[in-house]
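> Below are the sequence and a predicted model for it; my questions follow.
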Amino acid sequence: MACIQKTLRGLGVLRQLPRESTVNQTYCRYASSYKYLQVDLDKKTKVAHLTLARKPANSLNCDMMKEIAMATNELDQDRDCKGIIINSCVPNIFSAGLDLTELYQAKELFFQDFWRSLQAMFSTIYGTKVVTMAAIEGHAPAAGCIIALATDYRVMSEGKFNIGLNESMLGIPMNFWVKDAFIATCGQREGERALQLGQMFIPSTALQIGLVDEVVPQELTLPTVQKHMKQWVKVPGGARGLTKSLIRQQAMDNLKAKADEDLLIMTRHMLSQPIQNTIGAYLENMTKKSKR
Ligand SMILES: CCCCCC/C=C\CC(=O)SCCNC(=O)CCNC(=O)[C@H](O)C(C)(C)COP(=O)(O)OP(=O)(O)OC[C@H]1O[C@@H](n2cnc3c(N)ncnc32)[C@H](O)[C@@H]1OP(=O)(O)O
């Protein structure tokens, strides 16, 4: 975790994090410092719920991504926490991905902060030694899917929901660490197809390609994740955590080594006029749709 903290500090995301919760109760709430999250740690089960809570769609603005990184880091350091379940309090939406209103006509300095926050959010979830699981009770496009990909286990609700990396369709070229995470989960062939096409998947197809581990009725999604979490946290934490690091360290090292390069490339792409025009048109369509 020292490595995650170093990365976060380097990315300017980690400021003064409390070392441990100030509340010494069985059911402990970290929420006071978070605007877009609810974070609850049950000290008895040692499982935390990190609930995305930015209505109307949990679109990820810069501050929310910083909060997710900070909360994950805080829980990672808490000896009372062995597992984190990420879910959403917005009905039928896990997360709508990056907040396109912040990306549209973004100034370069702001974009850099935004992108570093995305890198930090991903690397903190991906690199934590504690068990992480996603309860995906609705849509999870783009960066919503990226959050899920960073976890150890994903359960999605049945229903007319979509999950996937649609960036190509938005004119956004894929970057290396998102590609790597997708391929590590779904394999090379599926990656070649899905990422070039910017494919979104209904839950049953997401299950077939291994993008999610289980699909269940919506009301059973969180209980199913909780059931699996109960099993996973029984495994001796030291051995499991080291095994997880062993598997993920290479990807973490790559991201750390090439974070600046990623930022440069993505700044050039995302602030280019063609991509900005696409984002503008997409936003206009969304506004029209919600007025209907
Ligand atoms: C690829 C290389 C780089 C990798 C790293 C980059 C990673 C990710 C890139 C992104 O994340 S780009 C964002 C991509 N996201 C999307 O394409 C999803 C857009 N949204 C939707 O498709 C739908 O909103 C939904 C999630 C399927 C939900 O549909 P629903 O009909 O339930 O709700 P809406 O009416 O469409 O939306 C409600 C409300 O939320 C606003 N909103 C939705 N998504 C976003 C967003 N991404 N950013 C900002 N705002 C969003 C939408 O405008 C509505 O607002 P109001 O009109 O109610 O004010």
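Looks like it arrived, so ask away.
> S123 versus S33, what's the distance?
With distances taken as CB to CB, to the nearest Å, S33 is found 21 Å from S123. To be clear about C-beta, it is placed using only N, CA and C from the backbone, and glycine gets the same treatment.
> Of these two, which one has the most company?
S123 (26 against 13; other CB atoms under 10 Å).
> Secondary structure element holding the more buried one?
Using DSSP states H and E, S123 falls within helix 108-127.
> So what are the sheet partners of the helix or strand that comes right after that helix and their directions?
Downstream of helix 108-127, the next assigned helix or strand under DSSP H and E is strand 131-136. Strand pairing for strand 131-136, using DSSP bridges, gives strand 83-88 (parallel), strand 153-157 (parallel).
> Tell me which of the ones you listed approaches M169 most closely.
strand 153-157 (20.4 Å; CB to CB).
> check whether the closest one contacts the ligand.
No. Strand 153-157 is not in contact with the ligand by CB under 6 Å from any ligand atom; minimum separation 13.6 Å.
> distance between that strand and the chain's centre?
Chain-centre distance of strand 153-157: 13 Å, with CA atoms, centre = their mean, to the nearest Å.
> which stretches of the stretch 101-250 of the chain form strands?
131-136, 140-141, 153-157, 163-164, 200-201, 214-216 (DSSP state E, counting those that start in this stretch).
> If you drop the residues flanking it in sequence, what lies closest to K129?
Spatial nearest neighbour of K129, excluding adjacent residues (CB to CB, 6 or more residues apart in numbering): G241 at 3.6 Å.
> So what's the residue count around that neighbour?
So G241, with other CB under 10 Å, has 18 neighbours.
> Same check on M229?
Residues lying near M229 (other CB under 10 Å) number 25.
> Let me see the contact set for it.
V47, G83, I85, V131, M133 (CB atoms under 8 Å, 6 or more residues apart in numbering).
> if I look at the last one, how far off is L118?
Put plainly, it is M133. 21 Å.
> burial measure for E219, as a count.
E219 has 9 nearby residues by other CB under 10 Å.
> Show the contacting residues for it.
Per CB under 8 Å, 6+ apart, neighbours of E219: none.
> what does A71 give?
Contacts of A71 by CB under 8 Å, 6+ apart are Y30, Y34, L37, V39, L50.
> by contact count, what packs against the helix holding S123?
Applying 3 or more CB pairs under 8 Å, 6 or more residues apart in numbering; DSSP states H and E, we find helix 108-127 packed against helix 2-10, helix 62-77, helix 100-103, helix 143-150, helix 176-186, helix 237-270.
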